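*Asks:* I need the structure of the sequence given here:
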Amino acid sequence: MVSVPNAIKGLVYFSVILGVVFLAQAQGALPHPVFDIIALGWALFVVDALLTRVRVKASFYLAFVLAVLALVSSLPQTAHYAFIEEGELLPSATFILGSLAQIALVVLVPYYFLKSRRS
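*Replies:* Next up, the predicted model:
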């Protein structure tokens, strides 16, 4: 069975990899300033992935904040749901997998800290 810390680390790494796919899709579709903000968010996930090697707890706090920010910025966007309605496979899969990964981080990080507090 996968431990919670390893699952969190895996979700951070997955977010970095999926972010590359997302950036490739968004590059021509978004205005330059919006793309730059998204690229900055991805860079912060890269920093977080590196941080998992040296400061695990700090990495988990950062992962939680980044996941919340990603969800708050992406879930209200109706254009994301239009991809699903139109049957566009790659953008739909990117949106769904990314959202599920961020939701998992939002659930697992507090669970890990609550569980480690009790021990």
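*Asks:* contacts and neighbour counts: CA atoms only from here.
*Replies:* Noted.
*Asks:* what mean pLDDT does the longest helix anywhere in the chain get?
*Replies:* Assignment by DSSP state H gives helix 89-118 as the longest helix of the chain. Helix 89-118 shows a mean pLDDT of 95.
*Asks:* do stretch 37-49 as well
*Replies:* Taken as a whole, stretch 37-49 has an average pLDDT of 97.
*Asks:* ok, and what's touching it?
*Replies:* Outside of stretch 37-49, the residues within contact range by CA atoms under 8 Å, 6 or more residues apart in numbering are Lys9, Val12, Tyr13, Ser15, Val16, Gly19, Val20, Leu23, Ser59, Leu62, Ala63, Leu66.
*Asks:* just those: which are in helices?
*Replies:* Going by DSSP H, the helices hold Lys9, Val12, Tyr13, Ser15, Val16, Gly19, Val20, Leu23, Ser59, Leu62, Ala63, Leu66 from the contacts of stretch 37-49.
*Asks:* other SSEs contacting the longest helix of the chain?
*Replies:* Other elements packing on helix 89-118 under the criterion 3 or more CA pairs under 8 Å, 6 or more residues apart in numbering; DSSP states H and E are helix 4-26, helix 56-74, helix 78-86.
*Asks:* so which of the ones you listed gets nearest Val106?
*Replies:* Of all those, it is helix 56-74 that lies closest to Val106, at 5.6 Å by CA to CA.
*Asks:* so which bits of that closest one are buried?
*Replies:* Residues Val56, Ser59, Phe60, Leu62, Ala63, Phe64, Leu66, Ala67, Val68, Ala70, Leu71 are the ones in helix 56-74 that count as buried (16 or more other CA atoms under 10 Å).
*Asks:* OK, contacts around the second one?
*Replies:* Yep, that's Ser59 we're talking about. Residues counted as contacts of Ser59 (CA under 8 Å, 6+ apart) are Asp48, Ala49, Leu51, Thr52.
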